[in-house]
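Participant: Fold the following, please.
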Amino acid sequence: MVLRKDAYAYLSSMQIADVPARDTRLTPALAAASIAHEVSQPLTGILTNAQMCVWMLDADPPNIEAARKAARGALQDGARASDVIARLRALFGRQELLRQSVDLNEVIREVIEQSLVELQTAAVTLHSDLTDDLPRVTGDRVQLERVVSNLVRNAIEAMLGIDHRARLLRVRTERYGADRVRVTVRDAGVGIDREGMHKLFDAFYTTKRGGIGIGLAVSRCIVERHRGHLWAESNDGPGATFFFSIPCGRPCNGGSYDVERQTSRLRS
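Facilitator: Residues are numbered from 1 along each chain as shown. Okay, the predicted model is just below:
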């Protein structure tokens, strides 16, 4: 958590309020804020797994298998944080994009797996509709995972204050036009007003208490580096829907993700 505090202090010294709206230049201030934002989730995972490992070892008798599982989880989160930092350095350093064949359905399944505790805690019901034989895309898998993760996390947070209707989150993949695939993340949250829609992807614009307005700005940078487009629309009913589309390649596996089964496994 020291990293986040240092980044916030750095942002203050950079006078981030003076950064022009919709400035897509990748400034040092944006870089520092992005690192603070993006590594917060894996750092939380490391702390949670480390605490679980201690609890399991302190049990009478010690639960060695559970402690070993928690330790592995901490190692995986550490590797993920390292990957995120490396990819952000590449993004802000304008290094050449890492090109690999990416199965977006698989990326989405992994993001959902990583978000199970957050979904359960927020009482959000997730439905996924992942198209069979969805073409693969070419690009940086870790960066694309951060885009999906940001959109899912934003959707969950948009529904935290909703108590009078179901908190529904829908994630969908599909072919889009002749040579693209599209990912859709739809929530039933507070929605976005007209003024907010115009500023939504501006660096440092946020409506969240304690937010720094980085996730969507960086997500758009990533998608555009993949020759894609990221945009949002207000729903006819409650909430908002975010879309991104990027050029595609060869087919990958689709289907739905059984959140209930995975949540049950998490409880056991």
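
Participant: what's stretch 52-62 in contact with?
Facilitator: Stretch 52-62 is contacted from outside by Asn63, Ile64, Ala66, Ala67, Ala70, Ala71, Gly73, Ala74, using Cβ atoms under 8 Å, 6 or more residues apart in numbering. The way it works is simple: take the backbone N, C-alpha and C, and place the C-beta from them, glycine included.

Participant: got the contact list for the first one?
Facilitator: If you count contacts by Cβ under 8 Å, 6+ apart, Asn63 has them with Met56, Leu57.

Participant: Distance check, it against Asp103.
Facilitator: Summarising the geometry, the distance separating Asn63 from Asp103, computed by Cβ to Cβ, to the nearest Å, is 35 Å.

Participant: so how far is whatever helix or strand Ile156 lives in off the chain centroid?
Facilitator: Counting by DSSP states H and E, the secondary-structure element that holds Ile156 is helix 141-158. For helix 141-158, the distance between its averaged C-alpha position and the chain's averaged C-alpha position is 2 Å (Cα atoms, centre = their mean, to the nearest Å).

Participant: do the same with stretch 234-248
Facilitator: 15 Å.

Participant: first to last residue in that stretch, what's the distance?
Facilitator: 26 Å (Cα to Cα, to the nearest Å).

Participant: quick one: average pLDDT of that stretch?
Facilitator: Regarding stretch 234-248, the rounded mean pLDDT is 93.

Participant: and the most centrally placed residue in the chain, what does it touch?
Facilitator: Among the residues of the chain, the smallest C-alpha distance to the mean C-alpha position (Cα atoms, centre = their mean) belongs to Ser149, namely 1.5 Å. Applying Cβ under 8 Å, 6+ apart, one finds that Ser149 lies in contact with Gln41, Val111, Gln114, Ser115.

Participant: Count the residues that sit near the first one.
Facilitator: This means Gln41. For Gln41, the number of neighbouring residues by other Cβ atoms under 10 Å comes to 20.
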